[in-house]
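Visitor: build me a model:
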Amino acid sequence: MVDIPSFSFSPDFCRALLDASPDPMAYKDTGGIYQLANTAFLDLMGLTPATVLGRADDAIFPQEVARRQQEADRQVLGTGKPALFEYELVYAGRSVWLQVQKSPVRDADGRLLGVFSCGRNITSSKENERDSQQTKDILEQRVADRTKRLRHFIDRLRREIGQRRQTEHALADSVRTLNLILNNSPIGITLVSDRVVRWANPRFHDLFARPPGSIAGLSTGIFYTDQASFEEFGQRHYPQLARGERVDVVWTMRRADGTDFYSRVIGQLLYPDRPQEGSIWLMEDVTERRLAEEATLAATRLKREFMDNMSHEIRTPLNGIQGMATLLADTPLSEEQRDLVETLQECVRRLTTLVEGILDFSRLDAGAATPSRTPFRPRAIAEGAINSLRGVAQLKQLSLEFSPTPDIPDVVIGDVDGVRRVLAALLSNAVKFTEQGQVTLSIACRQGRCERFPGKNGETLFGLEFAVSDTGIGLTAEQVKTIFEPFRQGDGSRTRRFGGTGLGLAIARQTAEAMGGSIEVTSQPGQGSTFRFSAVFALPPEGKPLPTR
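Guide: Take a look at the predicted model:
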């Protein structure tokens, strides 16, 4: 059994230490009553201390959630041993996968006092990362969330460190319980002054393969791979501490047995106005997570390189065939030969369209396409898309209508090529699947709200909705569910009347999502369809005219 270091803290100090953790933690007594819950636990569930402390799970959570947690607690109390659980937690409209380490808490005499739970949000590891950009966004959001929690911890620590306990009995009881929790924490915690360890919990010793109680008084240099790494960390991050900033970095560390690992290192001065008091550091082994991220980035990079090479290799022979067919058409030919050349040219055009669609889809799927930011006139772009299909519509005796509302901006800033691509896909499909009647393109304020609202970097934003309606064949409910999937068409039979690869709407949806927008469809068989494409655009600064497309 690990001896508890003589170094002890006030209950408020220890509780503030737990609130510094980015992972949700809670402590329940043997009766299943919550006695403590840190900030991360409350933030994850959207709860407050008043709704948790002094209550059991079935008084807080839905029946199924409470039952799952109570069964896990009973297992730990029954065996007297720590256990690891994974389950999906659905609460208040949220769905989160958690990995929860539950450990029995005992007093000095070995009697069970309750269960300490430390959870970790593993939702991202349960889902396949679609691309490296999404991974980056998730990590940045986590960093922002944990930065906010650590800031709350420092503020609370400063307020609560000087408070007294109401009674000596409550003080002794709280110190005993919280010290036990710190010694059962799955995160390494240490206090450092002048780069010398003043105190470290058992998990910190385990993390660096050191015997219990052997770290206090040692230089932190023993945790680095070499002296150069130790000095680099100090030169790079200790100036941040001196400025009162938070350090949050992944660094390669070395255990006592000589093995290296990636560690998430979070550090903060205890008191910004008194740096000599030292700093608090939280560490966890993130080797598996880091290697997985590096593998994902490498796979994405290879995928992009492959698509660039394929784009060149496929287009080169296609352009050659198309050029040769054009040259052949300019030579004296018989009527039969000219028909054959025209057929060849049409096949090349259809193959080129097919290849372009597949390459566009692959490029978007690999995250290689970055939305541009160009000033453009929405009405002009929409009219251009309409006019490009008037010839086809006239051959089918269809009416093409354009209906913009007067309150849309004259100029917006966004991905003009993306807007063209989406409108072209929606309009060409509408004309293709409509035999009689009309096709209408309208532009209006997104969700009917013509409001300007602030964005990043002082920008003014405005939401637009483009709607393409037709009187064509329409879609069934099952077709609506799959219409945006790649290589899926409304008519998937071998003898279908309409051609195409089934990539147009898939590309349109990915393009819209890359712009931060979306596409929705409403349809009834035989009554036509309406596709709505909405996105948010920036408005040009007032008084500063910009060149538009």
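Visitor: for the rest of this, base every contact and every neighbour count on C-alpha atoms.
Guide: Fine.
Visitor: quote the end-to-end distance of stretch 273-289.
Guide: 36 Å (CA to CA, to the nearest Å).
Visitor: what is the mean pLDDT for that stretch?
Guide: Mean per-residue pLDDT for stretch 273-289: 87.
Visitor: what does that stretch rub up against?
Guide: Taking contacts as CA atoms under 8 Å, 6 or more residues apart in numbering, the residues outside stretch 273-289 that touch it are 21, 187-194, 204, 207, 242, 261-271.
Visitor: repeat the analysis, applying 6 Å as the threshold.
Guide: Stretch 273-289 is contacted from outside by 187-193, 261-270, using CA atoms under 6 Å, 6 or more residues apart in numbering.
Visitor: do the same with stretch 221-234
Guide: Contacts for stretch 221-234 (CA under 6 Å, 6+ apart): 253, 254.
Visitor: span of it from start to end?
Guide: Stretch 221-234: ends 10 Å apart by CA to CA.
Visitor: any buried residues in that stretch, and which?
Guide: 221, 222, 223, 224, 225, 229, 230 (16 or more other CA atoms under 10 Å).
Visitor: helix/strand/coil for the first one?
Guide: Just to be clear, that refers to residue 221. Here residue 221 is helix, with the state taken from DSSP: H, G, I helix; E, B strand; the rest coil.
Visitor: what is the mean pLDDT for the strand or helix carrying residue 351?
Guide: Mapping residue 351 onto the secondary structure by DSSP states H and E places it in helix 335-365. Regarding helix 335-365, the rounded mean pLDDT is 70.
Visitor: can you show me the strands along the stretch 101-250 of the chain?
Guide: All strands of the stretch 101-250 of the chain, identified by DSSP state E, counting those that start in this stretch, fall at 112-121, 188-193, 196-200, 247-254.
Visitor: okay, these in CSV with mean pLDDT, mean neighbour count and distance to residue 236 next?
Guide: Formatted as CSV, those follow (pLDDT from 0 to 100; neighbours: other CA atoms under 10 Å; distance: least, CA to CA, whole Å):
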stretch, mean pLDDT, mean neighbour count, distance to residue 236
strand 112-121, 88, 21, 29
strand 188-193, 88, 22, 17
strand 196-200, 90, 20, 18
strand 247-254, 92, 18, 10
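Visitor: surely residue 89 is in a helix?
Guide: No - looking at residue 89 with three-state DSSP, it is strand, so not inside a helix.
Visitor: contacts for stretch 424-440, please.
Guide: 398, 399, 400, 401, 402, 468, 469, 470, 471, 472, 504.
Visitor: how much space between the fourth one and residue 527?
Guide: Read it as residue 401. 18 Å.
Visitor: more neighbours: those two, which one.
Guide: residue 401 (15 against 12; other CA atoms under 10 Å).
Visitor: tell me the helix or strand right after the helix or strand containing the more buried one.
Guide: In the assignment (DSSP H and E), residue 401 maps to strand 399-404. The helix or strand immediately downstream of strand 399-404 is strand 412-414, counting by DSSP H and E.
Visitor: now the element after that next one, going C-ward?
Guide: Taking DSSP H and E, what comes next after strand 412-414 is helix 416-432.
Visitor: how far does the helix or strand following that following helix sit from the chain's center?
Guide: Moving toward the C-terminus from helix 416-432, the next helix or strand (DSSP H and E) is strand 438-445. The chain centroid and the centroid of strand 438-445 are separated by 33 Å, computed with CA atoms, centre = their mean, to the nearest Å.
Visitor: ok and strand 438-445 relative to strand 399-404, angle-wise?
Guide: Taking axes from the mean of the first three to the mean of the last three CA atoms, to 10 degrees, one finds strand 438-445 and strand 399-404 inclined to each other by 10 degrees.
Visitor: then strand 438-445 to CSV, C-alphas only?
Guide: What follows is strand 438-445, C-alpha atoms only, in CSV (Å, rounded to 0.1, in the frame of the first residue of the first chain):
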residue,chain,number,x,y,z
GLN,A,438,-40.9,24.6,-65.5
VAL,A,439,-37.8,24.9,-63.4
THR,A,440,-37.4,27.8,-61.0
LEU,A,441,-34.3,29.1,-59.2
SER,A,442,-35.0,31.5,-56.3
ILE,A,443,-32.6,33.3,-53.9
ALA,A,444,-33.8,34.5,-50.5
CYS,A,445,-32.6,35.1,-47.0
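Visitor: helix, strand or coil: sort out residue 475 for me.
Guide: coil.
Visitor: for it, which non-adjacent residue is closest in space?
Guide: Excluding the flanking residues, the one nearest residue 475 by CA to CA, 6 or more residues apart in numbering is residue 525, at 4.9 Å.
Visitor: check contacts around the one you found.
Guide: 474, 475, 476.
Visitor: among the buried residues of stretch 221-234, which one lies nearest to residue 214?
Guide: residue 222 (12.1 Å; CA to CA).
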